[in-house]
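Engineer: Quick check, what structure comes out for this input:
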Amino acid sequence: MKVVKIIMYAFISLSLNSCFAQDCESLPNNFKTYKAALNAIETANYNYHESIDTKKSSWIIGLTYYSCDNKKGFLVMETKKEKYIHQDIPVSIWRELKQAPSFGSYYNHNIKGKYKVRLY
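Structural biologist: Alright, predicted model coming up:
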């Protein structure tokens, strides 16, 4: 009985999320708040979406890339303290980041301060 409840809860949760998700091409270029940006980005439907294993990093606990056109997209980097959003990241930067010997060093030299999410 407990397994059935868990499965039903998962189904309802997935159904609700998919109803409220928007197409990635309809995402705005500017967001009202950082929290609104994060929510919109993480719930939209993308043509390309990938996360990588960050166990080798001492401070990055999550890296996820979202793209509508496979040319540029959003990078969400998670640390123990918070999530950081970067906008208009070229897919080439994402590919290089995935192959970097150090995610943190690559991030600091090639992404940080260069691709900020736009708020209005």
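
Engineer: so which strand or helix has Glu96?
Structural biologist: helix 91-99 (DSSP states H and E).

Engineer: for that helix, which positions count as buried?
Structural biologist: Val91, Ile93, Trp94, Leu97 (16 or more other CB atoms under 10 Å). Where C-beta positions appear, they are placed from N, C-alpha and C, glycine not excepted.

Engineer: which residues touch the third one?
Structural biologist: So the one you mean is Trp94. Contacts for Trp94 were tallied using CB atoms under 8 Å, 6 or more residues apart in numbering; they are Glu50, Tyr65, Ser67, Gly73, Leu75.

Engineer: After the helix or strand hosting Leu38, which helix or strand is next?
Structural biologist: For Leu38, the element it lies in under DSSP H and E is helix 34-43. Downstream of helix 34-43, the first helix or strand assigned by DSSP H and E is strand 48-52.

Engineer: quick one: average pLDDT of that following strand?
Structural biologist: Average pLDDT, strand 48-52: 96.

Engineer: Direction included, what does it pair up with?
Structural biologist: If you go by DSSP bridges, strand 48-52 pairs up with strand 60-67 (antiparallel).

Engineer: quick one: the strand it pairs with to chain centroid distance?
Structural biologist: 5 Å (CA atoms, centre = their mean, to the nearest Å).

Engineer: In the protein, what helix or strand scores lowest on average pLDDT?
Structural biologist: One helix or strand of the chain scores below all others by mean pLDDT, DSSP states H and E: helix 2-20, with a mean of 43.

Engineer: pLDDT weak spots in the protein?
Structural biologist: The chain contains residues with pLDDT under 70 at 1-21.

Engineer: Run through the residues that contact the residue lying closest to Asp88 once chain neighbours are set aside.
Structural biologist: Leaving out its chain neighbours, the residue that sits closest to Asp88 by CB to CB, 6 or more residues apart in numbering is Lys72, at 5.0 Å. Taking CB under 8 Å, 6+ apart, we find Lys72 in contact with Asp88, Ile89, Pro90, Val91.
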